[in-house]
Every structure is written in C-alpha cells, then in structure tokens.
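A.B. asks: Below is the sequence, then the predicted model.
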Amino acid sequence: MGYTIIEKILKHNTGVCDIKAGDIVTTNVDRVMIHDIFIPFVADKFEEMGFTKLWDPDKVVLIYDHLVPASQVDDTRHFRKGNEFAEKYGMKNVHRSDGICHQLMTEAGYVKPGDVVFGTDSHTTTYGCVGAFSSGIGYTEMASILGTGQLWVKVPQTIKVTINGELPANVTSKDIILRLIGDLRADGATYQALEFTGDTVKNMTVASRMTMANMAIEAGAKCALFTPDEKTAEYCEIELNDFQKSLVGDPDAVYARELTYQAEDLVPVLACPSQVDNIKPVKELVGTKIDQVFIGSCTNGRLEDLQKAAAVLKGKKVAPFVKLIVTPASRKIYRQALADGTLEILSDAGAIITHPGCGLCCGRTGGILSDGERVVATNNRNFLGRMGTSKVEIFLASPVTAAACAVAGEIMEG
Amino acid sequence: MSETFSARVWVLGDDIDTDIIIPTEYLALKTVQDMTPYAFSPLRPELAAQIQPGDVIVAGKNFGCGSSREQAPEIIKALGIKAVVARSFARIFYRNSINNGLLLIENPDLRDDVTEGDTIEVAVGEKITLNGKEYPIASLPENLLEILNAGGLVKAMRKRNGLED
Amino acid sequence: MGMTMAEKIIARAAGVDSAKAGDIHTVELDRLMSNDGTTHLTIDMCNKLKHPHIQDVNKLVWIVDHNIPSDSPKTAASHKKMRDFAREHGITFYEGEGVCHQVMMENHVCPGELIFGADSHTCAYGALGAFGTGVGCTDYLYAMVTGTSWLLVPETLRFNLTGKLPEGVYARDLILTIIGRIGANGANYKAMEFAGEGLKTLTMSDRISICNLCVEAGAKTALMEVDDVALSYLKEHGREPKALFTSDPDASFAAVYDIDLSEIQPIVAKPHFVDNVVPAKESLGVHIDEAFLGSCNNGRIEDLRVGASIIKGKKVHPLVRFLVVPASRAVYKQAAEEGLLDIFMEAGAIVMNPNCSVCWGSCQGVIGEGETLISTGTRNFKGRAGHRDSFVYLASAATVTASAITGEITTADMLK
C-alpha cells in the first residue's frame, strides 16, 4: 500500500513503519516558530510547566512581526519579554524587525523539505510550500514542545488537489486557492492535509506555492504539501536528499478525496465579506466602490506579488481618495523591490509603502478602516471586524486584482 | 468523566472565528481577564457581559476557525462557559481547548432544536437532554482524556517534571 | 520707524501701510493647513454652525499625516470624516504623502504669506519667509468660514547668525542651544527672526529645522530673510514668491542675540522639556530602547544622508528599534534613488512610510513603560512618545544614528 506525502514525512520522523491516516503518533520536532503576540504567554507557560531549559535552543525561532512597529504602549512589553526569554535560555534565532514570520522561516533557511515544524500561528501551514509538515498550535502546546521537543499528532487523511494547464494571465495562485476554499468550504479540510500536484503546480514558483499553502488553514486543513523539486532546492539553497526526493504521493496511496482543476478554466475571484469561502468571480462585482487596497501579508507580500502589482500600476495613479497600502513581507523582499525599482513604481502611483511586517492583515494597525468602508486585500482573512469595525467589508483577492482595483477605485479585473 | 450538569444556552451560528471570539486589537492586553469584556464583540458586543458562569454555548459548524490564538478558549473559559457544543470545531481551537481544560462537545442536531435561553442537561461523554429529547455525544480519545483529566497541558507537564503528583 | 518682517507681513495681510508690535489687526489669511490631529473636531464644529460656509476653498490644505496608515477604528473614523468632507467641498487633500509641514513647504508655502495651521509647528514656514502660526480648531474654523482672523502683532527677537557650523554639528544643535538659552517660554507671543551672514551658510533643510522648533521656545512664529537659497528652493518646486520682506535697519526688536555658529556643539535635550539641554557629551552612555530619525524637524533628505553616512556598513544594535521615517513622498523617493533607504534597511533599521510616527506618540513606533527614546522629533514632554513613564532625549540626526548603533547615547565622532 502506498503513502501520501504527509504519511511519508511522519513515517520518516517517527520511525513508525506502518503508519496510516488516523494513527496518533509522537513527532520529533525539527523547528518551532514563536511570534511576538504569543511569546509572553509561551514564556509563562514554559516556566509554569517546570521546565528549566529548552530542548534545543537552535531549533527555536522567535520573530517579532505583528507588533512591529509598536502601535500601542503595551506592545513593547512583548519585545521585552521575548528578549528576556531569548537571553535566559540561549536562543540565537531572533528576528526583531525582519518581516513576517512565515516568510522568514523558509526565506532564512529555518525550514527544509520533509521537516516537522510547529508555530504559534495558524498560517504555519505555509512551509508546506517546500514540502515540510508544518502546522499551527497554541502557546501551551508550544511551551510543552520547548521542554520536550515532541508533540503528538493524529496522522491526517489527505485531500489530493490536481491542477493542470496554464493559468490565464490575470489569474494567480491566489485565485486557485480561493477557488479551492470556496469549493471545499471553510471546514472542508478540517483535520486533513492538502496535497497539491499537477503541471500547473510544477511550473509555479515557490512563492506562488507559498500563497496556496498559507491559506490551506482557511479550509480548516492541518497542513498543505507540495512535492519538493528543483525549484524548491534552489529556493532552499540545498541539494535534495533521497528522503526529500521521495516526498511524492504514491499512485496507490489512499486519499480521502480528489479534486482536479484545469487552469485555463480558472478566473480571478474574490472572497467576499465575511467568510473566506464566500467566493465570487471578480466579474460579478465589477463597479463596486472601494476605499482602500492592501497588498501584503504572508499570503501575498512577496517580490513577485509586488512586481505583478507594479506591472498594473506602472505609469498610473491610485484613484483619488482611495488609499493603496503596500507592506512587503520581509526585509529581503523590501530591499529586492527597492533595488529593481518596484517600490518606486508603486510609490509613484501613490502607494503608501510600510515597513515589512503583518501590517493590516492582523488588524492592529497598517490601515484600519471605519464603518461603511470597503477594502480589497491580498491577505488571508476577511473575518468580521478583522480590519476595524464589524461594518468594514473585506474582499480578498490576488495582487493583480488588487492593483487594478486601486487604479479604478472600484472592483475591477486585472 | 461522568459529570452531569444543567446549563443555560447561548446560541451562535456557523464559522464563529477567532477574530470574533477575541479581535486582534485586544490581544496585547496584559491578561486574559482584561480581554474578556471584548469576547464576541464584532458579532454581539453585549454578549460577554450577559454570560453567567455555568452557561454553555451552542453553535453551528467550524467553531473556532481562524487563528491559533489560545486566548480564544481561555477567554471562553474565563467567562465561566462550562462547555461549547457545536456541529464541528476547527482543529487548532480544539487542541487549545483541551489543553486549557475547556470542554468541547460535538453534536450535529442540537443546534437546530435549541433556542437561546433554553436549559440543557449535559451528561459528559454520554448525552445532552433538551426538553426531554436526548442527543448522544461521543467520549474523547484516550490521549486527550489524559490531558483533560490532568486539568490541562500545563498541569500534565508539571506532573511530568515532578512538580505535582 | 522701520518695521520688522513680522510687522510687514501682517500689514500686508491687514491691508494697512504699517503695523507695529502690540497692535491688533484683522488679517486676510493666505492659506489654512489642517491635519488629522484635529480636523475631525473642526468639521464637527462646522457642522453645528447655522450657516456652514467656506470663504475660499482654495486656501484650505488638509493633510492626513499623524496616524497614517490608520491604527484604530477611532482614527479611521476621523480620517473618513476628513476625507469625505474634503471630497464634498473640493479641499486640497493629502493622505499618506508626508508630514504636513514638509508637504506644505514642498507644495504650497510662499514668501510673504500669512498662514494658519492647526498644528503648533506651523512656524516652520518662516524658512521661506512666510508667517506661519499654529492655532486651535476654533480659530481655524473662524478663518475657514470668513477667510480672516485677528492677530496681535508680535514683538521680534532677532538672532544675528555669524560664522559656520563646525563639521558634525547641525542646525538642530543650533536651535536646541538657542531654546536652552532663552527657555521654553523665552519667545512667548513673539516672533523669532534669523538673519546675518551665518544664515546664508544654512541649507533650506537646516532653516526649516530651525523655524519648526521655535514654538518650543513659545514663539508665535519664526521668520528668515528670503535669499538665493530660499528662492532657488522655491523655483525648484515650481513657485514664485508672493512678496519678499526683510526687517528695516531701524526696525525695533525686543532683543537681539548674536550667535556665532562656529561655537555650537552637539546638544541633547533631556527629558521632559525641550529647554533641558546639555552638551551631548554630558549625556553619553544613557541606555536607549529606540531611536527615531524623522519628523517635520529632521526627516528630510539631508538628515537621511547624515544618518546613512554614519550607519553605512554598520548594524543597528540588536536590541534597539531604529525608526527611519522620511518626511514626505518626495524625500522617500529621493532617498530610494540615492540608495539611502537600502543602507538603512541593510543595517537593520525599520524604514516606515512618510508620517509623523513616534514624534506624535500615538501611532506606530510608540515606546513602552520605562523605555527610552532618542529622537530627532520636536518634543520630549513626559509621555509624548507613548507610555507616561517613558523618556525622550532630543538630538541631531547624527547623534540619533550613532546612538542606534551602540544602544546608548553616543556622538557620531565616537564611532570614527
């Protein structure tokens, strides 16, 4: 009997030979990520549990991103707690203003194909873009991993998603994942893994795969997985070993469900207020007035996203009285976009370019809106009240669609 | 666990996400207690003040979807909510609840029959009774029962580290 | 009897031949600037008027700079109110284009104008020979409705500048020195006028920095003679002077100070008053948590060049948050082109979009309980930068950048 990718990773990680979906296994964790919002809670729970040292300080990564720069006077308390914890337990991997945690984990080389990684953030599913099993957990479980290096998981069933063909010019991987979430619904993959395959996926950049893995949680998935290939190897700056090369779903593996899409059939879509699975084609909403556009986040704040937006915005201006806020996902991306002129194009068009971080996506700053306002955003959630009051309408879209909306001042296809 | 209790019901819909349970704006407040007044505020700003210790929430599908923020179950627990009954739960929220000793009960039918303000009888791991009608409920897997019975993951780890019996 | 610059500008605005200190005149305003700090309040008052009216919409310039991007539903609501009103009435409106005073200097201010701004640092416009002064919402609203206001003609403190600032010493050190000398209320109700050969050695950026901070000595306005440097700035920005005024040789000044620029040294204003100044050398070693290079006072390209030249090839101290905030979109663009933004980013700084940032203290960059900030901003009042129990030291771009590298108050020469 064959194995799915997640079964192969967990088999390799735990040494349990005849692993199958539904088994409860104890994983040996390769890396963990803690971000600024939760570090005080992790630190308190860790000490309350009676631990006195980290299982492996090199495997722990602490990233400040939700609160950078601080917007409320108590925010810096999180930095202080984090700095104290890092100092006390000998942690070296601390990023204090380098960008969004999920971007940095793969970008800075903390995650490799086949790794088992947990993070205190639901979008930890992102690292499946390089073929790692990664999933979000709460701070209590994080504290227990810091002490033990282990975590139990139930081996998930897998939904296999195959996408073949060439995407139309104005359709991106964001449109694919939104469409999929719409089809699966917000709880359609709960407790399950998503496995992506097909030539569309093979031809996709790691950055585009990241967008899809990132949003798997919005269908409730435990993780999302892409087979590591030469693009992965190049991105991770490694040579794939035999185990990593083996991370392909076997032809005779058992899948809970299989979905197939033809890329040419896909169209630009929006997730409409206030659920991520409320998907509609952009065409159906053309002409809806908007107040703001946000391009950024761990979903779509990468160089290719900014470049796609810049291609739409070059030589044009953001519509009067509409704000375009651009928040690159990391310091590295900011610098690349600065060097290749992308930021200048965006700025000339009227974009407000902020420091890399979570920005508006986490709803604490970065362009909060008011009653009756509408925003088109490239991030991952449009929940009620996520970006201000509960009377703000949030539409999720690709950077191409978002940029076109910014120019038009209304919903528009890119 | 063979506990039985009766409780007043608050009714919520499908996909109650973690931003509804506690908006990010309040996540950097110092304690969970400081955050409780803002629970459910995007949806029902008055709800947190109305909930009494011992009440239960009955909701639709995918309760707790969204973020990994553990304040979500902690706040629900701090409000005195004894249990959340839902058609289904999002997985991170589910783990977080168990780790904090918040009782979650899955049942597909109760939500259709219950009205806000009703009183239900809960026999943990066995059934819920509403107006004489019974709704069977499953018991938890062994490894989760261990954590729940220990009083949450912190206590379980304290035992492991020899700080508690 | 001759007139001062302030008297001449007011006489022009009042339509009279002469004005003298102590007179009260009804004046015609040339321009009215308001930002998101208070505009929502002005609109509320305006909407309560029996006959809401704008005398001349072309005079109004509204700028969202304090909390941009918006950081709470409350500020979002006040921005929306401002945006909707501006759109409805056709008011010139900037959002996210930079700090209001810098945007005004780049796009609007002309020599000889009389300008009210609903912000205390409006006195910055004196760098272009305009009489700018800060007012509250009520005065602003009256001026908006009638186009006029009343003004007490201020006495003038005259500062004759000679010599040249030594290398590593900046206009900011000069104005902090002056404020320290005359005190935080040393120029109350008065105009501070700067002239002399020393003035000619100062760039426009220096001049804006000096005038901008005069309100910290209590001044009603600050004024500088318009020379070739100012005229070429104006020309570069596509504008012509309205009227050029200089104080007459026999004008009457309340006091005259002679200042030799070559004697100025790096200065730090310690918590919690701007006039609490000491030579930077006396504050060395003070631990800092955050450093801020930006604001209407010191967020121009010249300031970023100074900072970048110091930090190039070095790193921000790992435990320091170093905020670099260009004062306007034009500055941002220039800094990008010159490679300065990349130098800051490479060093580990937090490069923000043009806005008031921590100088305003209730938006991105705020400091927490017990924390210390070294800042090129305008004020170091208690609680100004965030938590009420926090500390702000004011210093030049050079000292701020050097301190960001070491994590304690440091002057740039110590890094060489």
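C.D. replies: Cool, got the structure.

A.B. asks: ok, the closest residue to chain C within chain B - contacts?
C.D. replies: Across chain B, no residue is closer to chain C than residue B:25, which sits at 7.3 Å (CB to the nearest CB). All C-beta spots, glycine's among them, are computed from the backbone N, C-alpha and C. Residue B:25 makes contact with A:363, A:364, B:38, C:72, according to CB atoms under 8 Å, 6 or more residues apart in numbering or on different chains.

A.B. asks: what about the third one, neighbour count?
C.D. replies: Right, residue B:38. Residue B:38: 18 surrounding residues under other CB atoms under 10 Å in any protein chain shown.

A.B. asks: Isn't it up against residue B:22?
C.D. replies: Yes. If you go by CB atoms under 8 Å, residue B:38 and residue B:22 touch, sitting 6.3 Å apart.

A.B. asks: max-length strand in chain B?
C.D. replies: strand B:4-11 (DSSP state E).

A.B. asks: quick one: the next helix or strand after it near chain C?
C.D. replies: Sequence order places helix B:18-21 as the next helix or strand after strand B:4-11, per DSSP states H and E. No. Helix B:18-21 lies out of reach of chain C by CB under 8 Å from any CB of the partner chain, never closer than 13.6 Å.

A.B. asks: For residue A:121, see how far away the residue of chain B closest to chain C is.
C.D. replies: Distance from residue B:25 to residue A:121, counting by CB to CB, to the nearest Å: 17 Å.

A.B. asks: repeat for residue C:53
C.D. replies: From residue C:53 to residue A:121 the distance is 53 Å (CB to CB).

A.B. asks: Between the two, tell me which one has more neighbours.
C.D. replies: residue A:121 (29 against 11).

A.B. asks: OK, now which residue of chain A is nearest to chain B?
C.D. replies: residue A:385 (3.0 Å).

A.B. asks: Tell me how many other residues crowd that residue.
C.D. replies: With other CB under 10 Å as criterion, residue A:385 counts 22.

A.B. asks: Check residue B:116 too.
C.D. replies: So residue B:116, with other CB under 10 Å, has 10 neighbours.

A.B. asks: what about the residue of chain A closest to chain B, which SS state?
C.D. replies: coil (DSSP: H, G, I helix; E, B strand; the rest coil).

A.B. asks: Does it touch residue B:17 like I think?
C.D. replies: No. Look at residue A:385 against residue B:17 with CB under 8 Å: they stay out of range, at 9.5 Å.

A.B. asks: quick revisit: where's the residue nearest to the residue of chain A closest to chain B when sequence neighbours are not counted relative to residue C:107, distance?
C.D. replies: Residue nearest to residue A:385 in three dimensions, not counting chain neighbours: residue B:42, with 3.0 Å by CB to CB, 6 or more residues apart in numbering or on different chains. In this view, residue B:42 and residue C:107 are 40 Å apart by CB to CB.

A.B. asks: So between those two, which is more surrounded?
C.D. replies: More crowded of residue B:42 and residue C:107, by other CB under 10 Å: residue B:42, with 23 against 18.

A.B. asks: residue contacts, the more buried one?
C.D. replies: Counting by CB under 8 Å, 6+ apart, residue B:42 makes contact with A:383, A:384, A:385, A:389, A:390, B:19, B:20, B:23.

A.B. asks: which of the residues in the longest helix anywhere in chain A are buried?
C.D. replies: When chain A is parsed with DSSP state H, its longest helix is helix A:75-89. Buried residues in helix A:75-89, counted by 16 or more other CB atoms under 10 Å in any protein chain shown: A:75, A:76, A:77, A:78, A:79, A:80, A:81, A:82, A:83, A:85, A:86, A:89.
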